[in-house]
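# model this:
(chains A, B, C and D)
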2 protein chains.
Amino acid sequence: MTTRVITLKELAAGLDLSITTVSRALAGHEQIALKTRERVARAARQAGYVPNTAARTLVSGRSGFVGLVLPIRGPNLVDSFLGEFVTGLGEGLVSHGADLILATAAFGHSELSVLRHVVESGRADGVVVTRIAEVDERLAYLRDRGFPFVAHGRLLHSDFGYNWLDTDGAHAFGEAFDMLYDLGHRHFGLVTISEPMTFRHLRQDGLAAAMARRGDPSVRLDVVTAPRFDHEARVQAVNRMLQRSDRPTAIVALFDELALTVMEEAARAGLSVPRDLSVIGFDNIAASAYAPPGLTTFDASIRQCAREIADMLLTIIADKPAAPLTRLIRSTLVARASHGPAPKTKS
Amino acid sequence: MTTRVITLKELAAGLDLSITTVSRALAGHEQIALKTRERVARAARQAGYVPNTAARTLVSGRSGFVGLVLPIRGPNLVDSFLGEFVTGLGEGLVSHGADLILATAAFGHSELSVLRHVVESGRADGVVVTRIAEVDERLAYLRDRGFPFVAHGRLLHSDFGYNWLDTDGAHAFGEAFDMLYDLGHRHFGLVTISEPMTFRHLRQDGLAAAMARRGDPSVRLDVVTAPRFDHEARVQAVNRMLQRSDRPTAIVALFDELALTVMEEAARAGLSVPRDLSVIGFDNIAASAYAPPGLTTFDASIRQCAREIADMLLTIIADKPAAPLTRLIRSTLVARASHGPAPKTKS
DNA sequence: ATAGCAATTTAAAACGTTTGCAATTTTGCG
DNA sequence: CGCAAAATTGCAAACGTTTTAAATTGCTAT
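Residues are numbered from 1 along each chain as shown, chains lettered A, B, ... in the order given. As a prediction, this is how the structure comes out:
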């Protein structure tokens, strides 16, 4: 069979109209007679005409694509939100007729160079940048280029405005502290990561701020740091905290994967969660519901965020608003069974 | 700052060469003097020249993209492999300089129409089709169009050759049966889905075949069917099997999500896994490792499969092989703690 | 010096669309 | 019926690249 793809020229020839008229008719220009527009629309539908993206992009300068750079982090590491994030983006984009380009940065290769390629090849009209680092060359590049983008996450301090959407990790960690404090906990542990991502500060600062608000000198916070992608090292770091003679009664982990490690190691050490130890995470990944006794965490609603990011980006592309668009999203507590009253036995 | 993107014309002007020469030099044509090629390469690198994708696609007919249609299944449903699958595809594509286009099919909209749009707009040089249905109009369409594609999964019977890669579910389910039989189980349950996907047959047939090979008349198999995306109905279906006076001693679920439901409901019914009931799944999703007591399952290595699919598709696009490419991948047993010897107490 | 040939470079067309401007047709009105 | 204005349609350029076919340059041998 192998029917060939039809072009505007062929469609126009069949209708005895010029390419111009057909193009305008399909675009719905008022200047084309309604009768003609209908006739063209019918013929196009009947012929299954689909405009060629490359040609359209070339002349209009708009590709109808939004780009996302996907870094390969290692042979067995998959970004745990990727599916949700991509689904949300797709959902947000499709309602405006846009699609997503996923440009992969091979393992060990610079994410920035892939980003530049996406931007400068004209493949995309805008990009989404995730996982903001303390010093993030991607944002600087995009700003310099004046290219539309939305960041998922924030810089800590920035000398320029940019569009971002972030989950309010500071608020969540404050809420976690307050809840645990009210349950009688006074000795806290924080498991954080060594990678220079901004969210580790935002969350830790939120915890510290809530602590400061209480002004209770008996409150104590121990912090332990693990590299993000090294499971071995993570287990060691967690055990460094768990095996101490005076271990915290409540551990807050920067995100669920760390919290799950805490729960696993706690179980291995014969500790009962939440009787001996309360654990709270962040993100609400799927496994958190299953890991016994059920991890208390905060739902970051990645999909919904991604959807909003898509909306923001499309607005920016279309309207070029003067002021940056920013959204701070509250994450909601998912109270499962990994937190409880502080154990009595401690001094 | 906002430096503009440089074009071939500008690059050529700066070098005092024609566009043609510069284009050929960058493409590495032998006919261009080596000295010129080097000079051009240096200037291009220095100027940060990136060829415009649209222009290149328009004239060459190759976009350098591979398409994947992402169906939105519902407000809270995310394809659990999507992240892994997309990562694998990206990994496979990037090594050949290709990228991925994710075209979303909005909730309730036809996946086929999105696929047609991707194909006929010339956005992609080939597509990946997942989740093959018993009667799959997408494959028929792609065959008719003669468009390069690779299916993840297979048709049951097909009157035409096509490229596919599939995990050998039949083998895995046979292996599951054999293992359970050797542990003394004689009464089996299968939890399957009502949606018309081919893999449900392949897996069930694999189980049935292994059963037949034993030729043991005392073996019994009960099958229960649940709709794929309706959690409520799934729970009911599982309980229909669990609450029977003579329930199976071993339940095989079509995939992990179903198996996890089985384990949850078993726990709720006061059954101990694996003492009272063995459960085996398929896929090895992240949660399976955490759900107590740890789900025994088969690792489908989605990421690796996706990577091979990308390789296959790029080969097909480049070489147009006469015979279809097909790969059947063995999944490996991940023996956790949800299976064990058959309980003695039964008649 | 020059014909002949290889090595190197270039002009121009093409890909399929959008769009500024001009041309044509239709309509309204005296 | 004639003319201006409005409505409708079309011509041709442009987008940035690849590629065919042709032109130019440099070299070798006479």
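
# please, where are all the helices along chain A?
Secondary structure of chain A by DSSP state H: the helices cover A:8-15, A:19-27, A:34-47, A:53-60, A:82-94, A:111-120, A:137-145, A:169-182, A:198-214, A:231-242, A:256-268, A:286-290, A:302-319.

# adding mean neighbour count, write those helices out as TSV.
Yep, even glycine has a C-beta here, placed from its N, CA and C like the rest. What follows is the helices of chain A, written out as TSV (neighbours: other Cβ atoms under 10 Å in any protein chain shown):
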stretch	mean neighbour count
helix A:8-15	16
helix A:19-27	18
helix A:34-47	14
helix A:53-60	18
helix A:82-94	24
helix A:111-120	19
helix A:137-145	18
helix A:169-182	21
helix A:198-214	18
helix A:231-242	17
helix A:256-268	22
helix A:286-290	20
helix A:302-319	21
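
# B:Ala237 is nearest to which of these?
helix A:286-290 (19.7 Å; Cβ to Cβ).

# quick one: contacts for A:Thr332?
By Cβ atoms under 8 Å, 6 or more residues apart in numbering or on different chains, A:Thr332 lies in contact with A:298-299, A:301.

# now the residue in the stretch 101-250 of chain A that DNA strand C sits nearest to. Nearest residue, chain neighbours left out?
Taking Cβ to the nearest atom of the strand, DNA strand C has its nearest neighbour within the stretch 101-250 of chain A at A:Gly122, 12.7 Å off. Nearest residue to A:Gly122, sequence neighbours excluded (Cβ to Cβ, 6 or more residues apart in numbering or on different chains): B:Asn52, at 5.0 Å.

# over to A:Thr7?
A:Thr7's closest residue in space is A:Asn52 (Cβ to Cβ, 6+ apart), at 7.2 Å.

# now for that neighbour, how many residues are close by?
Applying other Cβ atoms under 10 Å in any protein chain shown, we find 18 residues neighbouring A:Asn52.

# please list only the buried members of the contacts of A:Thr332.
Buried members of these, counted by 16 or more other Cβ atoms under 10 Å in any protein chain shown: A:298-299, A:301.

# picking that back up, any idea how far the residue nearest to A:Thr7 is from B:Ala54?
10 Å (Cβ to Cβ, to the nearest Å).

# let me see the confidence value for A:Leu70.
Looking at A:Leu70, its pLDDT is 97.

# what about it, how many neighbours?
Using other Cβ under 10 Å, A:Leu70 has 24 neighbouring residues.

# and it, bridged to which residues?
With DSSP bridges as the criterion, A:Leu70 is bridged to A:Thr104.

# tell me the contacts of it?
A:79, A:82, A:102-105, B:86-87, B:90.

# reformat the residues you listed as JSON lines; add distance to A:Arg154 and pLDDT.
Shown next, in JSON lines, are these (distance: Cβ to Cβ, whole Å; pLDDT from 0 to 100):
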{"residue": "A:Asp79", "distance to A:Arg154": "19", "pLDDT": "89"}
{"residue": "A:Leu82", "distance to A:Arg154": "20", "pLDDT": "95"}
{"residue": "A:Leu102", "distance to A:Arg154": "23", "pLDDT": "98"}
{"residue": "A:Ala103", "distance to A:Arg154": "23", "pLDDT": "98"}
{"residue": "A:Thr104", "distance to A:Arg154": "25", "pLDDT": "98"}
{"residue": "A:Ala105", "distance to A:Arg154": "22", "pLDDT": "97"}
{"residue": "B:Val86", "distance to A:Arg154": "26", "pLDDT": "98"}
{"residue": "B:Thr87", "distance to A:Arg154": "25", "pLDDT": "98"}
{"residue": "B:Gly90", "distance to A:Arg154": "26", "pLDDT": "98"}
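
# which one of those residues is nearest to B:Leu333?
Nearest to B:Leu333 among those: B:Thr87, at 23.4 Å, using Cβ to Cβ.

# right, and the closest one touches A:Ile72 too?
Yes - the pair B:Thr87 / A:Ile72 is scored as a contact, 6.9 Å apart, by Cβ atoms under 8 Å.

# what does chain A put close to DNA strand D?
Residues of chain A lying close to DNA strand D (Cβ under 7 Å from any atom of the strand) are A:16-21, A:24, A:31-34, A:36, A:55, A:58-59.

# make it 10 Å
A:8, A:12, A:15-25, A:29-37, A:39-40, A:54-61, A:120-122 (Cβ under 10 Å from any atom of the strand).

# need the helices of chain A in TSV (columns: distance to B:Ile251).
Below are the helices of chain A laid out as TSV (distance: least, Cβ to Cβ, whole Å):
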stretch	distance to B:Ile251
helix A:8-15	57
helix A:19-27	55
helix A:34-47	50
helix A:53-60	48
helix A:82-94	27
helix A:111-120	44
helix A:137-145	48
helix A:169-182	38
helix A:198-214	41
helix A:231-242	31
helix A:256-268	26
helix A:286-290	17
helix A:302-319	31
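
# the ones you listed: which one's closest to B:Ile329?
The closest of the helices of chain A to B:Ile329 is helix A:82-94. By Cβ to Cβ, the value is 20.9 Å.

# got the contact list for that closest one?
A:66, A:68, A:70, A:79, A:99-100, A:102, A:128, A:130, A:152, A:302-311, A:314, B:70, B:72, B:78-84, B:86-87, B:102, B:104-107.

# try it again at 7 Å.
Identification of contacts with helix A:82-94 by Cβ atoms under 7 Å, 6 or more residues apart in numbering or on different chains yields A:66, A:68, A:99-100, A:128, A:302-311, B:70, B:72, B:78-80, B:82-83, B:86-87, B:102, B:104, B:106.

# repeat for stretch A:171-189
A:203, A:206-207, A:209-211, A:214, A:218-222, A:224, A:241, A:248-252, A:278, A:280, A:282, A:298, A:330-331, A:333, A:339-342.
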